[in-house]
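Novice: Sequence and predicted structure below; questions after.
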Amino acid sequence: MPRYDFDKIIERKNTCSLKHDCAKERGMPENLIPLWVADMDFCAPREVVDALKKRAEHGVFGYSEPAREYFGVLKSWFSARFRADVSKEWLIQTPGIVFALSDAVRAFTDENDAVIIQPPVYYPFGEVVRSNNRRLVNNDLINDGGAYSVDFRDFEQKVIRNGVKLFLLCNPHNPVGRVWTEAELKKLGGICLEHNVTVVSDEIHSCFIYGGFEYKSFLTFPEFSRISVVCTSPGKTFNLAGLQLSDIFIPDAALFRKFAAEHNKSGYSQLNAFAHAGALAAYKYGGEWLEQLLAYLQANRDFLKDYIEENIPKISMTPPESTYLAWLDFNRLGLSPAEQKDLVVNKAGLWLDRGEIFGDNGRGFERLNFACPRSVLEQAAERLKNAVNEL
Ligand SMILES: Cc1ncc(COP(=O)(O)O)c(C=O)c1O
């Protein structure tokens with residue numbers, strides 16, 4: 001097996017990269033180190049690049065359906081990695097998970113119905129609820145010195161009081177990096193089952209699980225299959241977000257029909273021809289690349305944690321159990337939001353994601369994407385240290 005070189009710096013400027021090319025358009029200074037939006041500065045597995053080249057060389061780019069072998073490859077992936085046994089009839093493909101979340105909100109709720117989420121959470125969760133004119137109910141996670149957990153009592157009370165119809169679960173959780181345990185998922189699922197709440201489990205980060213933690217897919221709880229919609233994607237796992245393909249599994253036939261009907265209203269049918277070629281090669285051949293990537297990411301995570309602990313003790317970082325996103329707590333610096341922004345952007349020259357976009361309880365935090373070559377991460381950490389020291 002080749003050793004993949006994740007230390008290699010790949011110039012991403014002038015590739016229409018949201019992360020690297022759009023500072024001006026987004027009101028940011030140029031030349032920041034971009035560690036914000038969640039894609040990686042690494043090349044996808046060689047076999048994926050080769051499959052895309054082959055597809056491009058063919059030169060005819062008509063309407064496309066998945067290859068016949070795709071479902072079998074996908075099924076093996078989920079069975080081997082997560083002990084999840086999926087059926088072809090459960091699968092519907094969408095051009096992304098956020099697209100599917102929005103479909104789900106319209107499919108399973110009516111206007112003004114309540115939808116519950118767990119802030120701080122990936123900000124499109126709130127956006128798809130609000131933009132579809134549904135009522136957003138927040139079940140804030142409990143933050144105990146950087147250790148996040150679910151407030152089950154608050155969850156159940158809010159479900160009952162608001163007549164919640166839909167729960168958008170983030171498993172593993174972005175941005176706090178928790179891999180929800182079997183017991184936590186059973187408790188949440190049990191409450192939802194009892195109160196007829198459909199659960200949309202966004203499992204896009206499920207292939208990034210660090211040593212010592214075990215991820216359970218919502219697909220592995222047969223008792224919840226009649227209320228479950230599970231969103232998966234090769235987009236994060238293999239760094240293919242720009243190809244736009246996600247695989248949504250809905251075991252219950254009635255839920256499936258509702259979702260499919262709403263999805264069809266969007267007018268979207270066949271996915272991108274390159275997405276099919278890339279996803280097939282990724283799930284078929286990408287396992288070894290992923291193992292090596294995970295080791296690299298875990299080392300990046302540990303480097304960053306140790307560096308911050310030793311050099312910037314007023315910022316705290318609980319090592320994420322999953323994801324390549326560090327959730328940094330700046331609160332002990334005692335800065336106003338404007339001062340914190342000035343510190344990160346102007347003084348440190350970093351482009352991070354500001355904590356408050358993930359919810360009010362994200363104030364005073366920054367999310368840092370450490371899926372980059374170590375030398376870039378070292379430079380970013382040093383810049384942050386120097387900026388904090390000069391305060
Ligand atoms: C939890 C979560 N869901 C969904 C997405 C985006 O998925 P997609 O690009 O398939 O819409 C992200 C990207 O960061 C994410 O973190």
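Specialist: Arrived safely.
Novice: number of nearby residues for Arg130?
Specialist: 12 (other C-beta atoms under 10 Å). (Glycine included, C-beta is placed from N, CA and C.)
Novice: hang on, it packs against Leu136?
Specialist: Yes. With contacts counted by C-beta atoms under 8 Å, Arg130 reaches Leu136, the gap being 6.0 Å.
Novice: give me the residue from the stretch 51-200 of the chain nearest the ligand.
Specialist: Gly96 (3.1 Å; C-beta to the nearest ligand atom).
Novice: Quick one: name the residues of the stretch 151-300 of the chain near the ligand.
Specialist: 170, 174, 202, 204, 233, 235, 241, 246 (C-beta under 6 Å from any ligand atom).
Novice: at 5 Å what do you get?
Specialist: Proximity of the stretch 151-300 of the chain to the ligand, by C-beta under 5 Å from any ligand atom, involves residues 174, 202, 204, 233, 235, 241, 246.
Novice: which ones among these are found in strands?
Specialist: Among those, the members found in strands (DSSP state E) are 202, 246.
Novice: Sketch out the low-pLDDT regions of this structure for me.
Specialist: Low-confidence regions of the chain, defined here as pLDDT under 70, cover residues 1.
Novice: got the domain boundaries for it?
Specialist: Domain assignment for the chain by automatic domain parsing gives 18-45+287-389, 61-285.
Novice: ok so, going back, most neighbours of all the residues of the stretch 151-300 of the chain next to the ligand, which one?
Specialist: Most surrounded of those: other C-beta under 10 Å gives Asp202, at 29 neighbours.
Novice: tell me which element the closest residue to it other than its chain neighbours falls in.
Specialist: Residue nearest to Asp202 in three dimensions, not counting chain neighbours: Cys231, with 4.8 Å by C-beta to C-beta, 6 or more residues apart in numbering. Here Cys231 is covered by strand 228-232, with elements defined by DSSP states H and E.
Novice: for that strand, packing partners?
Specialist: Packing contacts for strand 228-232, counted by 3 or more C-beta pairs under 8 Å, 6 or more residues apart in numbering; DSSP states H and E, involve helix 97-108, strand 198-202, strand 246-249, helix 253-265.
Novice: mind running it again at 6 Å?
Specialist: On a contact count with 3 or more C-beta pairs under 6 Å, 6 or more residues apart in numbering; DSSP states H and E, strand 228-232 meets helix 97-108, strand 198-202, strand 246-249.
Novice: mind saving the C-alpha coords of it as PDB?
Specialist: Coordinates of each C-alpha in strand 228-232 appear next as PDB, following Å, rounded to 0.1, in the frame of the first residue of the first chain:
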ATOM      1  CA  SER A 228     -35.400   7.100  11.400                       C
ATOM      2  CA  VAL A 229     -33.900   9.000   8.500                       C
ATOM      3  CA  VAL A 230     -30.100   8.500   8.300                       C
ATOM      4  CA  CYS A 231     -28.000  10.900   6.300                       C
ATOM      5  CA  THR A 232     -24.600   9.700   5.000                       C
END
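Novice: what's the angle between it and helix 97-108?
Specialist: Interaxial angle of strand 228-232 relative to helix 97-108 (axes from the mean of the first three to the mean of the last three C-alpha atoms, to 10 degrees): 160 degrees.
Novice: Paired strands for strand 228-232, with orientation please.
Specialist: Sheet pairing for strand 228-232, assigned by DSSP bridges, gives strand 198-202 (parallel), strand 246-249 (antiparallel).
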